[in-house]
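In: A predicted structure for the sequence below; I have some questions about it.
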Amino acid sequence: MGVFCDAEVFSENTVFKRTAFEGVDELFIDEAQFLTPTQVRQLHQDLRAKGGMRVSCFGLRTDFQGNPFPGAAMLLALADDLHAISTLCRCGEKATMNLRIEADGKPVRMGDVLEIGGDTRYKPVCPRCFY
């Protein structure tokens, strides 16, 4: 069956308290760019510093317009360690930006920050290809 674990969905209303994670050794958060700065502070202060829990967050630094996600900016400020997963742009350079694209592959520069789409809507690109 492979490796698996329980998962919970969080929202901007989720409060991260030690008491909610009794018996948990490590917390993994995916799509951590959607955390609020307050939630990041809760994770860092209550779970990590006071509770001694390992907290690992995975997510993007910037949105499709090149602006930092507020939660990601706070994570970068408070993180004990940073590990970047390298991805290559189509031109071969290191991809550090996220380009939103239309079905025909043309870039989208305006619109709501939050839009679900995965690989059909977003492409990792280098700064040169992004701009």
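Out: Yep, it's here. What you are looking at is a predicted structure, and each value in this text was computed from that prediction instead of being measured.
In: so is Cys27 in a helix, a strand, or just coil?
Out: To be clear, residue 27 is Leu; Cys isn't right here. Assigned by DSSP: H, G, I helix; E, B strand; the rest coil, the conformation of Leu27 is strand.
In: How about it: which residues does it bridge to?
Out: Here Leu27 shows beta-bridge partners Val55, assigned using DSSP bridges.
In: Tally up the residues packed near it, please.
Out: Using other C-beta atoms under 10 Å, Leu27 has 17 neighbouring residues. For the C-beta atoms, the positions are set from N, CA and C on the backbone; glycine is no exception.
In: contacting residues for it?
Out: Under the criterion of C-beta atoms under 8 Å, 6 or more residues apart in numbering, the neighbours of Leu27 are 21, 43, 47, 53-56.
In: One more: Gln45?
Out: With C-beta under 8 Å, 6+ apart, Gln45 has no contacts at all.
In: what about Thr120, distance to Leu114?
Out: Taking C-beta to C-beta, to the nearest Å as the measure, Thr120 falls 16 Å from Leu114.
In: and Pro68, what are its bridge partners?
Out: The bridge-partner assignment for Pro68, based on DSSP bridges, gives Thr62.
In: Could you check how far it is from Glu26?
Out: As judged by C-beta to C-beta, Pro68 and Glu26 stand 26 Å apart.
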